[in-house]
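Trainee: Quick one, what's the 3D model for this:
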Amino acid sequence: MDVHVNGGVTMYGLRVAAVAAAYWLGLSAPCGAAEIRALLIGVSAYDESIGLASLRGPANDVRLWRETLKARGVTDLRIVADGVDGGIAPTREAILEAMSDLAKDSAAGDLALLTMSG
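Mentor: Reported below is the predicted structural model:
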């Protein structure tokens, strides 16, 4: 099924892109990589008083990335997203802190993946 979302992108297209990225991730991880970590950021709720309508796509993107990465065996998943179970609110402070934590927790040989949607 080809369901259109923001900007004419399809859910099928997003699913294919996520699977392709995860496949590439598995092939390109450095030999002996100690850890694979992912920070998934999705901002769906915007303040309409400033002229920005809320979005549905970012929460879907985060859920799709989470499913795909879990299927590839990634266990260190950090989620900063609204509308996603287990996610923390994507405030500026929370996003910057999560990025900093990802950097602090990563070591030479680790693979860190950052996705942003919204």
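Trainee: Is the residue lying farthest from the centre of the chain in a helix, a strand, or coil?
Mentor: Within the chain, Ser49 marks the point farthest from the mean C-alpha position, 26.8 Å out by Cα atoms, centre = their mean. For Ser49, the assignment made with DSSP: H, G, I helix; E, B strand; the rest coil gives helix.
Trainee: ok, now how distant is it from Thr68?
Mentor: In this view, Ser49 and Thr68 are 35 Å apart by Cβ to Cβ, to the nearest Å. Heads up, the C-betas are built off the backbone N, CA and C, glycines and all.
Trainee: Would you mind listing the buried residues in stretch 92-109?
Mentor: Neighbour-count burial for stretch 92-109 flags 95, 98-99, 102, 106 (criterion: 16 or more other Cβ atoms under 10 Å).
Trainee: next one: stretch 56-75
Mentor: Applying 16+ other Cβ under 10 Å to stretch 56-75 flags 57-66, 68-69, 72, 74 as buried.
Trainee: So for the residue farthest from the centre of the chain, what pLDDT did the model give?
Mentor: On pLDDT, Ser49 comes in at 83.
Trainee: Geometrically speaking, which residue is the centre of this protein?
Mentor: Nearest residue to the geometric centre of the chain (Cα atoms, centre = their mean): Leu40, 2.7 Å.
Trainee: mind checking the SS state of the closest residue to Ala59 other than its chain neighbours?
Mentor: Among residues not flanking Ala59 along the chain, Gly83 sits closest, at 3.6 Å (Cβ to Cβ, 6 or more residues apart in numbering). Secondary structure, three-state DSSP: Gly83 is coil.
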